[in-house]
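Novice: Next input, structure requested:
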Amino acid sequence: MSIEQTIAAATKTVGSQKALAQLLGIPETHLSGFKKGRPCSYQKHAQIAAAAGMHEEARHILIQGIADSLRDDVEHEAQAKVGLLAMLNAFPLTQKTSPESQMKVKTQSKKVNKAWLNDHVNDTYVKLATKEGFRARAAYKLKEIDEQFGLIRPGQLVVDLGCTPGAWSQYLRRKMSPTGAASGTLNGCIIGLDLLAMEPIDSVLFLQGDFRDGAVLRQLEAAMQGRQADCVVSDMAPNLSGNSATDAARIEHLVELAVDFACQHMKPEGALVVKLFHGAAYDPLVRLFRNTFRAVKAVKPKASRDKSAETFLVGIGLKALS
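Specialist: Presented below is the predicted three-dimensional model:
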């Protein structure tokens, strides 16, 4: 299956090319670049699909198409491999391969596709993000948290952990601009870090790497140039396995890393915002926050979908180390 055939199949799955573009969170015209196999388009669109929360059947088709393209597109084989790995890491392929199971999945998911796509396309925050130029509706989650607690101000140093696709960094960039603009003068410093690549954002310093890697952490420390952060925001989330004990441990580990980073690299009066999920890891992480910060608040922004188990913890003011 060529990339063009892959796009055609995915388009058929969701109803139209416009719907597919909206599902991916990209302009419809960008699909033509994907079809032509332009350099890095495999990686870029796989990452955008992951960020957009692409429906299972549509992403299955894209995954299979990218995998098949490795045999057909020698020129861009390296980019295709990177894109395939990016999507597989974000969405492990679990569909069965028997014809019977494929037919069953296809039959059931047609109804789910329409309902999910209708909800997504008509979502207030998706429309608002498109209108205001944000890469994802997640920008409004941070916006609501910031407006509630007054965390972000011009002149600050803010570290954005797990920043891809960049919606939080976009919000930070506008909030710290004298005019609220998406480009131009920036009053402050924003450093973003993520395992996946991110399209550049004006005046935002981006570092690509695994936050758990000591070498990557040292790069981040070097970028801070000996300064302490005023605020650390973390939208990091692990790839969930479906095993509750394993997933709880992964979530807990990432939040613990963010807390440890804040303790070591944030001003005493600074604030940390992290994403976590209700489950086995929730109560231990709330206790960790209460032991670390003077003020702790759990927040479920309106921009967070009602069906999502995600919530956010805000910790303000580090407690003195004993």
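Novice: contacts, neighbours, all on C-alpha from now
Specialist: Will do.
Novice: pLDDT weak spots in this protein?
Specialist: 1-15, 19-122, 239-242, 321-322 (pLDDT under 70).
Novice: can you map out the helices along it?
Specialist: Using DSSP state H, the helices found in the chain span residues 3-14, 17-24, 30-35, 41-52, 56-72, 77-90, 99-121, 124-132, 139-149, 167-175, 214-224, 244-265, 282-292.
Novice: elements contacting the last one?
Specialist: Think helix 282-292. Helix 282-292 sits against helix 244-265, strand 310-318, with contacts defined as 3 or more C-alpha pairs under 8 Å, 6 or more residues apart in numbering; DSSP states H and E.
Novice: buried sites along it?
Specialist: Going by neighbour count (16 or more other C-alpha atoms under 10 Å), the buried part of helix 282-292 is Tyr282, Leu285, Val286, Phe289, Arg290, Thr292.
Novice: how much space between the fifth one and Val159?
Specialist: What it means is Arg290. 21 Å (C-alpha to C-alpha, to the nearest Å).
Novice: swap in the last one?
Specialist: When C-alpha to C-alpha is the yardstick, Thr292 and Val159 sit 19 Å from each other.
Novice: Next: the first one.
Specialist: Per C-alpha to C-alpha, Tyr282 is found 23 Å from Val159.
Novice: hang on, the earlier thing: and Leu217, which of the helices and strands packed on helix 282-292 is closest to it?
Specialist: helix 244-265 (9.1 Å; C-alpha to C-alpha).
Novice: Just want the angle from that closest one to helix 214-224.
Specialist: Here the directions of helix 244-265 and helix 214-224 differ by 40 degrees (axes from the mean of the first three to the mean of the last three C-alpha atoms, to 10 degrees).
Novice: Alpha carbons of helix 244-265, as CSV, please.
Specialist: Taking C-alpha atoms only, helix 244-265 is exported to CSV below (Å, rounded to 0.1, in the frame of the first residue of the first chain):
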residue,chain,number,x,y,z
SER,A,244,-3.2,-0.8,35.9
ALA,A,245,-0.2,-1.6,38.2
THR,A,246,2.3,-1.0,35.4
ASP,A,247,0.6,2.2,34.2
ALA,A,248,0.4,3.5,37.8
ALA,A,249,4.1,3.0,38.3
ARG,A,250,4.9,4.8,35.0
ILE,A,251,2.7,7.7,35.8
GLU,A,252,4.1,8.0,39.3
HIS,A,253,7.7,7.9,38.0
LEU,A,254,7.2,10.7,35.6
VAL,A,255,5.5,12.9,38.2
GLU,A,256,8.2,12.1,40.7
LEU,A,257,10.8,13.2,38.1
ALA,A,258,9.0,16.5,37.6
VAL,A,259,8.8,17.1,41.3
ASP,A,260,12.5,16.3,41.8
PHE,A,261,13.3,18.6,38.9
ALA,A,262,11.3,21.4,40.5
CYS,A,263,12.9,20.9,43.9
GLN,A,264,16.4,21.2,42.3
HIS,A,265,15.8,23.8,39.7
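Novice: Go through it and flag the buried ones.
Specialist: So, applying 16+ other C-alpha under 10 Å, buried residues of helix 244-265: 247-248, 250-256, 258-259, 261-263, 265.
Novice: who are the neighbours of it, in terms of helices and strands?
Specialist: Helix 244-265 packs on strand 229-234, strand 266-277, helix 282-292, going by 3+ C-alpha pairs under 8 Å, 6+ apart.
Novice: now do the same end-to-end measure for stretch 232-251.
Specialist: Start-to-end, stretch 232-251 (C-alpha to C-alpha) is 17 Å.
Novice: What lies in contact with that stretch?
Specialist: The contact list for stretch 232-251, computed with C-alpha atoms under 8 Å, 6 or more residues apart in numbering, reads 89-91, 158-163, 254, 258, 262, 266, 270-277, 279-281.
Novice: Stretch 190-204 too?
Specialist: 47, 86, 157-166, 169-170, 172-173, 182-184, 186, 189, 205-211, 220, 223-224.
Novice: What subset of those is buried?
Specialist: 47, 86, 157-166, 169-170, 172-173, 182, 186, 189, 205-209, 211, 220, 224.
Novice: If Leu193 is in a bridge, with which residues?
Specialist: Judged by DSSP bridges, the bridge partners of Leu193 are Leu161, Leu207.
Novice: related to what we said a few turns ago, for Gly315, which of the helices and strands packed on helix 244-265 is the nearest?
Specialist: Closest to Gly315 of the helices and strands packed on helix 244-265, according to C-alpha to C-alpha: strand 266-277, at 5.2 Å.
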